[in-house]
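Can you look at this prediction? I've put the sequence above it.
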Protein chains: 2
Amino acid sequence: MTLTPDGRSGRTIRSVQIAFNIIETLQERDRIGVTELADELGHSKSTVHSHLQTLEERKIIVRDGDGYRLSLRILDMAADVRDQVGNYDVIQDEVEALAAETGEIAQFGLEEHGQVSYLYKATGERAVVTASQVGMQQPMYSTSLGKTILAYLPPERTEEIVRNTEFEQITSQTITGPEELYDELEEISERGYGIDDEENIEGLRCVAAPVRNEETILGAVSITGPSSRFTDDRIHDELPEYVTRAANVIELNTKFS
Amino acid sequence: MTLTPDGRSGRTIRSVQIAFNIIETLQERDRIGVTELADELGHSKSTVHSHLQTLEERKIIVRDGDGYRLSLRILDMAADVRDQVGNYDVIQDEVEALAAETGEIAQFGLEEHGQVSYLYKATGERAVVTASQVGMQQPMYSTSLGKTILAYLPPERTEEIVRNTEFEQITSQTITGPEELYDELEEISERGYGIDDEENIEGLRCVAAPVRNEETILGAVSITGPSSRFTDDRIHDELPEYVTRAANVIELNTKFS
DNA sequence: GTCGGATGTTCCCCTCTCCCGAACGAATTA
DNA sequence: TAATTCGTTCGGGAGAGGGGAACATCCGAC
């Protein structure tokens, strides 16, 4: 199937798909054996077995007790991924500083596959607890990070993403259609920051500022907090200043290769 | 081929191998295109292309400018991996505490594929700089972590690992054969901690203590420092106490499922 | 001790995948 | 506008890989 929105061919390799089905299953539930995996995925034991052998040889998975789990090599890969995306150290420092300053949740995210992926998350003293975590993906249209990034991506890329977006009403405030979204993107690029007013999680508001370089946008920085603390005043005055400053510092300190 | 040391069949899946060759190449050098990858790996462009499409659909990789890189989903996977291995929070706390106390490098490692993999690393105030990093793999026989783990693994597992080990003389002090290694393992299990006396890196000594539960060994904790500070006295007196205490705390706080 | 059930492993065969080569499009440069 | 590059698509033929069944191994139960 390969939902190729533009009708591209999208030829995909079956055995690789199977391999990643196995990996994803192992990600969710550790220490599974051949039989259980075979049942779960609807393949024969022999098939799963040779896949597991391949993955073990590649040191992606490891036997642990009876069953397999993902190996620590994933951590090594993760470290490389972090290094490949902009200047991770600066992002880390600034997001931490932002969280410390405001006491709230501060995050850095960027666009991948038409969604926001979180690269770093810091929690301040008074921060609320949320499910979001590093590596996680969220919709563009319901988050301050996503909308802010959309507002600054090249127009054709923004259109591509919006065109392939299925809008879901997550809260009562969620943007539910392209027109409404484009209006808001307009607003964001005018004032320079984006806002999520309980559009993704009931009771939570966010403010985000873009991190750009000469030609493109790298991602965005945001802070998240309860609506009680993110009042109408603060959300259009004090808070945008915080995130914009953090974004600027990251911009300045990011060296491009 | 699949070097199966015991002569097991080891049937392995070609297309999955290709997929991981691509992933590993992307890990080392980001932002590569189809043609370059095809050349590098010795495959046709069309082959590489369909692999890239598969990996992109699975959100393992992502287009970035012209070329691909690994996606942030790897970070999400990494988070799950950390959670699957014992009690990560406790390990983190204790290793950090150990580094702070001693001012040196403190690490937690465990055995995977007959090697030591680092799960966590903390650097103290005076810590030397080393190349080791989270997720990285090192030989068992040349590290304090590895030897300590070997000393406490089930004998048959230890034998299996040693049997499949090719000893390389890394420094002048490196253990170069099974007999010598088994002698040292004996010593370690008698005194309760392991030592690396410049066997892996010239000028560096380490001390490690095992982290065990009722039936098996989870991994080991170590501290690393220059031989000038890790004197003969300290390395057999003060330093073992530090690591052993940290190991014990982890043992006590690790809940088993 | 022995049986039954569950597991992981191996083998062989047949089909369908997937790798290649070549042609095509698109984009950039001269 | 031609020429070179890149990514993409297509069809075919070889061989890979998925399935099934038999084997091996380990367990607990009786």
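Okay, I see it. Residues are numbered from 1 along each chain as shown, chains lettered A, B, ... in the order given.

switch to C-alpha atoms for all contacts and neighbour counts from now on
Fine.

and stretch A:220-237, how far apart are its ends?
Taking CA to CA, to the nearest Å, stretch A:220-237 runs 18 Å from one end to the other.

again but with stretch A:118-131, I slipped
First-to-last residue span, stretch A:118-131, CA to CA: 12 Å.

give the contact list for A:Thr176.
The contact partners of A:Thr176, by CA atoms under 8 Å, 6 or more residues apart in numbering or on different chains, come to A:167-169.

Kindly report the same for A:Val162.
Counting by CA under 8 Å, 6+ apart, A:Val162 has contacts A:Pro178.

Just to be sure, it is in a helix?
Yes - secondary structure assignment places A:Val162 in a helix (DSSP: H, G, I helix; E, B strand; the rest coil).

Run a quick neighbour tally on the residue of the stretch 101-250 of chain A at minimum distance from chain B.
Proximity of the stretch 101-250 of chain A to chain B (CA to the nearest CA) peaks at A:Gly135, 4.1 Å away. For A:Gly135, the neighbour count with other CA atoms under 10 Å in any protein chain shown is 23.

What of the one 3 residues further on?
When neighbours are counted by other CA under 10 Å, A:Gln138 registers 19.

How about the secondary structure of A:Leu218?
Going by three-state DSSP: A:Leu218 is strand.

and the contacts of A:Thr176, which are buried?
A:Phe167 (16 or more other CA atoms under 10 Å in any protein chain shown).

what about A:Asp64, neighbour count?
16.

With A:Leu119 instead?
25.

Double-check that it belongs to a strand.
Yes - per three-state DSSP, A:Leu119 lies within a strand segment.

Tell me where the model's unsure across the stretch 51-200 of chain A.
For the stretch 51-200 of chain A, no stretch has pLDDT under 70.

So which bits of chain A are right by DNA strand D?
Counting by CA under 7 Å from any atom of the strand, the residues of chain A close to DNA strand D are A:8-10, A:14-15, A:18, A:42-48, A:50-51.

ok, and of those, which contact chain B?
A:10, A:15, A:50-51 (CA under 8 Å from any CA of the partner chain).

Look up how far DNA strand D lies from A:Thr35.
Counting by CA to the nearest atom of the strand, to the nearest Å, the gap from A:Thr35 to DNA strand D is 10 Å.

Nearest residue to that residue in space, please, no chain neighbours.
Sequence neighbours aside, A:Lys45 is the residue nearest to A:Thr35 in space, at 6.0 Å (criterion: CA to CA, 6 or more residues apart in numbering or on different chains).

re earlier: can you tell me which of the residues of chain A next to DNA strand D lies nearest to B:Arg245?
A:His51 (41.3 Å; CA to CA).

From DNA strand C, how far off is the closest one?
10 Å.

can you check A:Glu104 too?
42 Å.

what's near enough to touch the closest residue to DNA strand C within the stretch 1-150 of chain A?
Residue nearest to DNA strand C within the stretch 1-150 of chain A: A:Gly33 (3.0 Å; CA to the nearest atom of the strand). Shown in contact with A:Gly33 (CA under 8 Å, 6+ apart): A:66-68.

cool, A:Val81 as well?
By CA under 8 Å, 6+ apart, A:Val81 lies in contact with B:27, B:70-72, B:74-75.

go with 7 Å
B:70, B:72 (CA atoms under 7 Å, 6 or more residues apart in numbering or on different chains).

So it, which state does it fall into?
helix.

swap in A:Ala131?
coil.

Could you measure from it over to A:Gln138?
Distance from A:Ala131 to A:Gln138, by CA to CA: 11 Å.

Pick the one among the contacts of A:Thr176 closest to DNA strand D.
Nearest member of those to DNA strand D, counting by CA to the nearest atom of the strand, is A:Phe167, at 25.8 Å.

That closest one reaches A:Gly177, doesn't it?
Yes - A:Phe167 is within contact range of A:Gly177, at 6.3 Å (criterion: CA atoms under 7 Å).

what do those two both touch?
Between them, A:Phe167 and A:Gly177 share no contacting residue under CA under 7 Å, 6+ apart.

Might you report the residue contacts of A:Glu94?
A:246, A:250.

Remind me which helix or strand it belongs to.
Assessed by DSSP states H and E, A:Glu94 sits inside helix A:88-102.

chain center to the helix or strand following that helix: distance?
Going down the chain from helix A:88-102, the next helix or strand is strand A:105-112, by DSSP H and E. Centre-to-centre, strand A:105-112 and its host chain are 6 Å apart (CA atoms, centre = their mean, to the nearest Å).

Which other helices and strands does strand A:105-112 contact?
Here strand A:105-112 touches helix A:88-102, strand A:115-123, strand A:217-226, going by 3 or more CA pairs under 7 Å, 6 or more residues apart in numbering or on different chains; DSSP states H and E.

so what secondary structure elements neighbour the shortest one?
Based on contacts counted as 3+ CA pairs under 7 Å, 6+ apart, the elements that strand A:115-123 packs against are helix A:88-102, strand A:105-112, strand A:137-139.

Count residues in the vicinity of the closest residue to A:Ser71 other than its chain neighbours, would you?
Excluding its sequence neighbours, the residue lying closest to A:Ser71 (CA to CA, 6+ apart) is A:Ile61, at 4.7 Å. If you count neighbours by other CA under 10 Å, A:Ile61 ends up with 23.

residues in contact with A:Ile61?
Counting by CA under 7 Å, 6+ apart, A:Ile61 has contacts A:55, A:68-71.

As TSV, those with neighbour count would be great.
Supplementary listing: these in TSV, determined by neighbours: other CA atoms under 10 Å in any protein chain shown:
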residue	neighbour count
A:Leu55	24
A:Tyr68	19
A:Arg69	26
A:Leu70	28
A:Ser71	25
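
Looking at the residues you listed, which is nearest B:Glu186?
A:Ser71 (28.5 Å).

what sits against the closest one?
Contacts of A:Ser71 (CA under 7 Å, 6+ apart): A:59-62.

quick one on the thing from earlier: which of the contacts of A:Ile61 sits closest to DNA strand D?
A:Leu55 (11.8 Å).

How much space separates the spatially closest residue to the closest one that is not a sequence neighbour from B:Gln169?
The shortest distance from A:Leu55 to any non-neighbouring residue, by CA to CA, 6+ apart, is to A:Ile61 (5.8 Å). According to CA to CA, A:Ile61 and B:Gln169 sit 28 Å apart.

Likewise for A:Ile105?
49 Å.

got it, and A:Val221?
49 Å.

what's the helix or strand for A:Glu156?
helix A:155-163.
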